[in-house]
Each structure stands twice: as structure tokens, then as C-alpha cells.
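Visitor: A predicted structure for the sequence below; I have some questions about it.
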Amino acid sequence: MAEKTQLASINVGGKGSSLSSTSIFSVANNLFQVRIDSSILDKLSAPSSSSSSSTIDYQISFLENLTSEESRASLTVFLIKLLNSCSSIKGEILNLITETLNSCSSRVVVGSFDVTAEEKVILDSCLSVAPLYGVCALLDYGVSTMSQLAEVVAALSCEAVNAKVSAFNLVDSGDGKCLKDDAGVAGDLKVLLNGSKLTGKAEIEAVSCIPEVYGNLREVARAVHLRVRVGLNSGVRSGTSGIGKAWGAVLSSLAGALRNLGEVSLTRVRMNIDSIGSEGLRSSLKQLIDDKCPSLKCLTDAFKVTSDAAFEEEYDQLVHDVNTFFCLVKSVVLWELVSAVVSLEGSDLLDRKKGSVPNGGDMKVDKKSEKRKKVLGKGTAVVLQLIKDRLPGGYVVHVDESLALQKLAEEIHSMLDLKVLAFNDFLEKIKEIVESNESRRLPKLAKGTRDFAKEQMTLRERAFSIITEIFKRHGAMALDTPVFELRETLMGKYGEDSKLIYDLADQGGELCSLRYDLTVPFARYVAMNSLTSFKRYQIAKVYRRDNPSKGRYREFYQCDFDIAGQYEKMGPDFEVIKILTELLDELNIGSYEVKLNHRKLLDGMLDICGVPPEKFRTICSSIDKLDKQSFDQVKKEMVEEKGLTVEIADRIGSFVKDRGSPLQLLAKLKQEGSEFLKHEGSALALNELEILFKALEKAKGIDNIVFDLSLARGLDYYTGVIYEAVFKGTTQVGSIAAGGRYDNLIGMFGSKQVPAVGVSLGIERVFAIMEQNQKDQNQVIRANETEVLVGVMGDDLTLAAELVSELWSAKIKAEYTIVKKVVKIFERAEASGIPFAVMVGDRELNAGIVKVRDVKTKVEDSIPRDTMVQELLNRLKNSS
């Protein structure tokens, strides 16, 4: 964004000095003087006195059609490039350029001077890019300031035409459904229009498109700014054709964004005119705008000129044409402001002499209608007042309104001229308005995260309780590890998914990253403590820099169960899979299946198909996508991106299509003559799977197991059985649990190998299923476990404290409330689902009793004060 100009001169060429677009704009418009740092002049070579040195007469020249502002900007950049080139240029040349810039002449003419052949090469190189960067700097400053003004003007137009502004309800939630710049524009307009009573009636395309059109301009303006900032403060390298091509693409995008903004702004100009109640005022403004405001044809023709220059790759001409086009669009925006101000303020802006009302009695009606109070937005009201305060006022109408309107328009154009200090002051005020209203904006969550309300937390705690009980039922012990690990601990364990690891900023200490899962930290813990066996569970958050979507978050809980150590063959694998089925059954989520495969069987299959061993893991990552993509898509990736032949990919396809009942498919794969039996790794895997399937069958845990040869699991550390649970109901959430055997992971940390197997439950996706099931079944979740509500009539906190403390001491879950009306006690108890209420007022206190009410049946009993606790304990016991 443009910086506010404050200095009378700028120092160039000194150590650490840097130039901005604001500086170039200010020098180009004679607002700044240029001064070359003395240290740089001392280093430059003096003019040569040798008569034998051959010299060339040199003349600085730019395109003839450049404006004075553009030529001065180009000459300023030329000077900066010479200073940044670190070459020997005579000081007199630099001084001559500086004197020309500081002369404040409307014409940019630098006298000719003698240069050596070496100097000419440097001068030509700098001159070749000077117009491009000079005029682009003007565009950078102009577009960044105009875009802020254009958004404010659009907000005023929304009120002038009573537009519906629901299109501004955009929030960048990080799920890829909304662009950041679009949401930023929408948010700023909501701040400006907050509290307005003039919006929300008419559905208008020129309004609903504002976030996209203006957001696109923000995006393109940022690209221009980045290139200008780098270009202004760097030297000139050899070969500048690439610079022109890059700028050609950026400038073409800028022209397109300006065209879109200009067209919708022009549409709103016409709508603002139509919204004016006074026929005379409306007619006068329409005539003025027809005469002065650029037309749609004018914008279209100017845009075509920029397109032609881009096509011809005439980049100096292109930047001039885009700057000319920008000036036209800026003019349209200013006329939109004029029309919006007149529409909102009407003849109040025109100070008439009594009795000099044009167009007869029409004005009397309009004056009466204009007296009706208009409630603008809290931001737009301040903006409109700022404009009115800066206008001289006193536009006396003697003959007709056109002269007064013309004078008003001239004042607005003059006030918002980029060259005047008042314009920068105006923009600063606009920033203050938006920023001071930031507190009015609703805060938002980081991408891929979520909050959990009280009902959701109740459901989560219930689920965690079930999960923890199952883990402990199998003898697991709890473990907790740090939320971040050394980066070296995590890297190299997740294959292609390593790019999803969140790295923490390097603050001069150890390089750390947020944990990606709970398995690698568990393996690190076992290795670090030289454990040979450990059955553990852990419920904790993990972090992945993934693209958020339904059921996919960047921060989420995992519930892990792992068994490390030497045990009977397939014993731990059987128990972990049995635990997985118990979890999904007892959480009562509905229909699911557990897909199962063996990494050695998968590797054997790839070997049989002819895949080179070094490509096993990367091809596994491709195969792992078959649950989301068709085989043709996966095949294309394997062939075009990963270098397999079509024949090998087709052979893989013939195998991965096999899935079905575990024992039946196992029998098929173990038939005599099977290629898998001839492969050592595959044969070993089939024997292990046979032991596993028979154990699961005996344990009545095989019904939901599917033997699926397409299951690959992309993580590098798996070595044996792998599995993945998938929900089969209507809620689409993808995988809900996964795991496998990883015999080599612990040994990767420098200790002896300790075989291990585990499972991780994707609890966030399970919660999504449970929440949807509750909605479908119309279940009501009670967010608290309060058993008794103590209600005290009056304002006696000490009595309430005494009664509720007795209940707490008896381990009764209780709350208290102090009210004036007894009905408030029962309403709160009913709303919160509290089964019993105790009520005490002056009458009960004097009688030494309390009233106990069964909230559900509404039966109320009076009981002695000293038996209250025991009575409630009995009732709670009987109701449980």
C-alpha cells in the first residue's frame, strides 16, 4: 500500500537506502527533491582529462508519447539504476540528471554529454528498463491508493441504490471455498456499512460482484507492488527480455482487473443517478456525467489499446497505455463518488438563495422527502461527513443546478487528486475508520481448526470415556508426549506426506516441528528409554498442513493403541484389530468395514509385476489413492509421473481389483500355481494372514473385515499387516481409523529393533458421524450433569452457599441460583435438564423446611431442612 509522503527530499545511493513507489511518484510530481548521497559521489570516477580517450555524444530519450509525470518517473529510475549498478559513471552525469529532476520543469530534457564506450553500455542497460519500472511505480502507487478509495465509493453506492449486501458475508475459513482478497474486501465493506438502514432491498449484480472484482484488483496490485519493490532497489542484470515478458503478463492482468472495476463502477454511476428523487437534479447530473465521465466505449477502446501493445510485446508502450487506462478508470470512480454523494445528500449540498428554486414546485416535494432521516452505516456516515467537511460549500444556484453540480464535481475531483496532501490525509482517515471498527468484526478460526460447543464436548467426553475404557480393558497404560518434536525425529518417516509436517519458526535454537501423528513420538519414547515391551494408549492432538475439507482438519485428536515387543506370531496384530472393531461397535456409529492388507504381500505383488524396488514406496502412495480416484487416474500418475510402463501398470491393476471375504480371498491367493506362493515375501505374508484371519474368526471379529489388495497405506514405516476402517453410512468422511505393523521404526532411532503394531482412531471423523446420527434421530444432548438446582428466593448468597455446599460435600452434582420469582428456578432446571430442584424462601426458612421438586413430574414435597441431603441422595439413587 502507498506510504504517506512526509519528506521534502529523498537521499539516493547511500548505504541501506531503498526507494518506494511513493518516492518515485513524489519526485515525478515535483513533491520531492532528489539528493545523491555524498558517499557515493566520492567513489565515482572524475571526468577523464586524457585527450586520447575516445568519447561518444550521448542523449537520454524516452518514448515521445510519455507524459511529463511518466518521463520524470523514468528518469528517476534511470538515476537509481545507475547508482545501483556499482559501475564507474562520471559524477557529472549523475549531477546533470539530478539537476534536471530538481528543476521542476514540465518538460524533461537532459542535455547531451560525452561518455566512453564502457559508460554507454551501462547507460543503455539502465535506460532499457527505466520507463518500464518508472511508470510501473506510478501504477503501483496509483492503483494501491485508488483501490482503497474505490471500495469506499462502492459502499456509498450500495446505500444510494438500497442494494442488498448479503454478498459481503464472505469469511476466509481456510477451506478453499473463498479467496482471501475477496473476503478482505467483503469484510471492509461490512465494516463501512455496519448499522446502515439503507441497504438490503435490491438484488443488484453490480453490487454482488464487488468482492470478486475488487478482490481481484487487490491480488493483481500486490503482484505489481512486489515486482516494483524488487526492481527499484536492484541493479541491472544482463538480458532484460525476461523482465519485459514478466511485466507484460502482470500488466495485462492489471488492465483486465481495471476494466472489470471500471465497468461495474460505471454501472453504479447510472444507478446512482436513477436513485435521485429530484427530477431536475437527476437530469442535471446525468447531463454533466454524460459530458465529463468516460463512457463504456471509451473504457473498451482504451483496454483494446493495452491488449494490442501486450500482443506486440511493446512493453514501454504497454505500461504507458495501462497507466492511461488507469487514469480513465480512476475518473469513473470519482464520478461514481460524485453521483453517490448527490444521491445520498441531494440538494442539501447546494446552498440556494430563498426563492431561487429551479424547476418549479418539484423541488418543494423533494426537499420534504429529503428531510426524512437517512441512517447510513457507521463507517460510510463518517466518510460522507469527511467529504462534506472538506468541500468549500456555498454552491449558489442562480439559473439552474448544473453550474452548482459542476462546481461540486470539480471540488471532489480536486480534493481526491493523488498529488495533493489532502488525498493522503483522506486515505489515512479511511484506514482509521476500518481499523477502529475491526473490533466489530467477528473473529475467525485458523484454517482447518474448529471450536466445540457444550453439547459437542459432552459427546466427545462420552466417546473418550468409551475409548479409554476399551484400551484399559486390554491392559494398556497411558502415555503423553510433547506436542512438538525435533524436526530430525519426524523427517523421513512419512514418505510423500512429509510435506504436510508443520515446521516451527527457527528462533536460533533447535529445529522443531509439530507432531504429525502419535506413532513416531511413541517409537522415539520406546527407543530413548530402552524399553523392550510396552502396551500403551494415547489420546492427544496432532497437526497436519493439509487442505481442509469436510472431515479433514489441520488440528485433530488421534486415539492410539500400540503394542511394542516380542510376542507370539500375529498375537499383537490380532488384538489390535479386535480392539479396533470393539471401538467402532461400542461407539455405535453404524455400518463400517475394516480393509486389510499386508505390506510384504503388496511389495511381492509389485515385484511380480516388474516394479523396480526403489519405486515400491512411491508406487504404494499412488495405489493408496484408489479409494478416492479411479484406476485410470492412478494409472496415469504411475506411468506419466512415476515412470512405469503401461504393461506394468496394467498388471498392477489386475491384482489391486481383488477384494472380499478374508478367508475366501486368502484361499484363492494360496491356490496351487499362484504367483504369490512362488515369491518368498508374499508367501510369508499369506501364512501370517492365515493365522490372523483364523484368530479373528474364533474371536467373532472377522465379520467387518475385508481383505483388499488395493490398500497400500502411504507411510514408509509399515512392514507387515496394514488396515484401514471406512464408514459405510451416508456421512462421507473417508477413513476413520488406520494402523499396521512397524517392526523397524523404533530401531531407526539408534536403538535395537523392537517390533510394534498399532492402530489410530480418527476421532474427529467419528465425532462427525455421531453428531450427524444425533441430528437424524432428533436426540437432545444434555450438556451438564447437574443433579440438583438449589434456588434461593431473595438476595441471600450466604443461605445459597450453605445449602449448595452441603450437597457438594455429599458428592451431589449441584448448582445454585438466587432469584426473585420462584418460576425462574423451575424454568432453569427444565431448560438444563436438571432432575431435581430445591426451593427456599422466607416462608420455608421460618418453617425449617425446603421444597423439593421432581422437575419432570412437577411433583413438589416439603421436607425438613436437616434431612435434605439424605432425601436427595435417596431420590437420585432410585432414579438412576
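Guide: Perfect, thanks for sending it.
Visitor: how about the nearest residue to residue 203, chain neighbours excluded?
Guide: Distances taken as C-beta to C-beta, 6 or more residues apart in numbering place residue 164 nearest to residue 203, at 5.1 Å, with adjacent residues excluded. Yep, even glycine has a C-beta here, placed from its N, CA and C like the rest.
Visitor: quick one, phi/psi of that neighbour?
Guide: Dihedral pair for residue 164: phi -80, psi 130, per degrees, to the nearest 10.
Visitor: what number of residues lie near it?
Guide: Number of residues near residue 164 (other C-beta atoms under 10 Å) recorded here: 16.
Visitor: check contacts around it.
Guide: 199, 200, 201, 202, 203, 204, 207, 208 (C-beta atoms under 8 Å, 6 or more residues apart in numbering).
Visitor: measure how buried residue 546 is and give me the count.
Guide: Using other C-beta under 10 Å, residue 546 has 15 other residues around it.
Visitor: need the helix or strand of this protein with the lowest average pLDDT.
Guide: None of the helices or strands of the chain scores lower by mean pLDDT, DSSP states H and E than helix 362-370, at a mean of 44.
Visitor: ok, then the element right after it?
Guide: Per DSSP states H and E, helix 362-370 leads on to helix 378-390 as the next helix or strand towards the C-terminus.
Visitor: which other residues reach that next one?
Guide: With contacts defined as C-beta under 8 Å, 6+ apart, helix 378-390 is touched by 152, 155-156, 159, 191-196, 337, 341, 344-345, 349, 376, 412, 415, 422, 426, 429-430, 433-434, 437.
Visitor: next one: stretch 78-94
Guide: By C-beta under 8 Å, 6+ apart, stretch 78-94 touches 12-13, 19, 34, 36, 40-41, 44-47, 60, 97-98, 101, 113, 115, 118-119, 122-123, 125-127, 129-130, 133-134, 232-236.
Visitor: how about it: buried residues?
Guide: Neighbour-count burial for stretch 78-94, counted by 16 or more other C-beta atoms under 10 Å, picks out 78-85, 87, 89-91, 93-94.
Visitor: where in the stretch 501-650 of the chain is pLDDT low?
Guide: By pLDDT under 70, the low-scoring segments of the stretch 501-650 of the chain are 550-551.
Visitor: can you show me the strands along it?
Guide: For the stretch 501-650 of the chain, the strands defined by DSSP state E, counting those that start in this stretch occupy 512-514, 534-543, 555-564, 592-598.
Visitor: now distance to residue 854 and mean neighbour count too, for those, in CSV please.
Guide: Below are the strands of the stretch 501-650 of the chain laid out as CSV (distance: least, C-beta to C-beta, whole Å; neighbours: other C-beta atoms under 10 Å):
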stretch, distance to residue 854, mean neighbour count
strand 512-514, 51, 20
strand 534-543, 38, 19
strand 555-564, 38, 22
strand 592-598, 41, 24
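Visitor: can you put those in a markdown table and add distance to residue 705?
Guide: A markdown table is the format used below for the strands of the stretch 501-650 of the chain (distance: least, C-beta to C-beta, whole Å):
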| stretch | distance to residue 705 |
| --- | --- |
| strand 512-514 | 33 |
| strand 534-543 | 22 |
| strand 555-564 | 17 |
| strand 592-598 | 5 |
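Visitor: and the lengthiest helix in the chain, how far out from the chain middle?
Guide: The single longest helix within the chain, with elements called by DSSP state H, is helix 117-160. Chain-centre distance of helix 117-160: 28 Å, with C-alpha atoms, centre = their mean, to the nearest Å.
Visitor: taking helix 378-390 as reference, get the angle to it.
Guide: Per axes from the mean of the first three to the mean of the last three C-alpha atoms, to 10 degrees, the angle that helix 117-160 makes with helix 378-390 is 110 degrees.
Visitor: can you give me the mean pLDDT across helix 117-160?
Guide: Mean pLDDT, computed over helix 117-160, is 89.
Visitor: need the next SSE after it, C-terminal direction.
Guide: Heading C-terminal from helix 117-160, the first helix or strand you meet, by DSSP H and E, is helix 180-193.
Visitor: render the CA-only coordinates of that next one in CSV, please.
Guide: This file holds the C-alpha atoms of helix 180-193, laid out as CSV (Å, rounded to 0.1, in the frame of the first residue of the first chain):
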residue,chain,number,x,y,z
LYS,A,180,-8.5,-14.2,0.9
ASP,A,181,-8.7,-11.0,-1.0
ASP,A,182,-12.4,-11.4,-1.8
ALA,A,183,-13.1,-12.0,1.9
GLY,A,184,-10.9,-9.0,2.8
VAL,A,185,-12.9,-6.7,0.5
ALA,A,186,-16.2,-8.1,1.8
GLY,A,187,-15.1,-7.6,5.4
ASP,A,188,-14.0,-4.0,4.8
LEU,A,189,-17.3,-3.1,3.2
LYS,A,190,-19.3,-4.8,6.0
VAL,A,191,-17.4,-2.6,8.5
LEU,A,192,-18.2,0.6,6.5
LEU,A,193,-21.9,-0.4,6.1
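Visitor: helices and strands around it, which ones?
Guide: Helix 180-193 makes packing contacts with helix 117-160, helix 210-232, helix 378-390, helix 421-436 when contacts are defined by 3 or more C-beta pairs under 8 Å, 6 or more residues apart in numbering; DSSP states H and E.
Visitor: show me which positions of the third one end up buried.
Guide: Within helix 378-390, the residues that count as buried by 16+ other C-beta under 10 Å are 378, 379, 380, 381, 382, 383, 384, 386, 387, 390.
Visitor: quick check: the first one vs residue 522, distance?
Guide: This points to residue 378. From residue 378 over to residue 522 the distance is 54 Å, taken as C-beta to C-beta, to the nearest Å.
Visitor: likewise for the last one?
Guide: Per C-beta to C-beta, residue 390 is found 67 Å from residue 522.
Visitor: with the fifth one instead?
Guide: Using C-beta to C-beta, we find residue 382 at a distance of 58 Å from residue 522.
Visitor: just the buried residues from the contacts of stretch 78-94, in ChimeraX please.
Guide: Per 16+ other C-beta under 10 Å, the buried members of those correspond to this ChimeraX selection:
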select :12,13,19,34,36,40,44,60,97,98,101,113,115,119,122,123,125,126,127,129,130,133,134,232,236
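Visitor: poorly predicted segments of the stretch 201-350 of the chain, please.
Guide: Along the stretch 201-350 of the chain, the parts satisfying pLDDT under 70 run over 237-241, 347-350.
Visitor: one more pass at 50, please.
Guide: Within the stretch 201-350 of the chain, no stretch has pLDDT under 50.
Visitor: give me the number of residues near the nearest residue to residue 647 once chain neighbours are set aside?
Guide: Excluding the flanking residues, the one nearest residue 647 by C-beta to C-beta, 6+ apart is residue 610, at 7.8 Å. Using other C-beta under 10 Å, the number of residues around residue 610 comes to 12.
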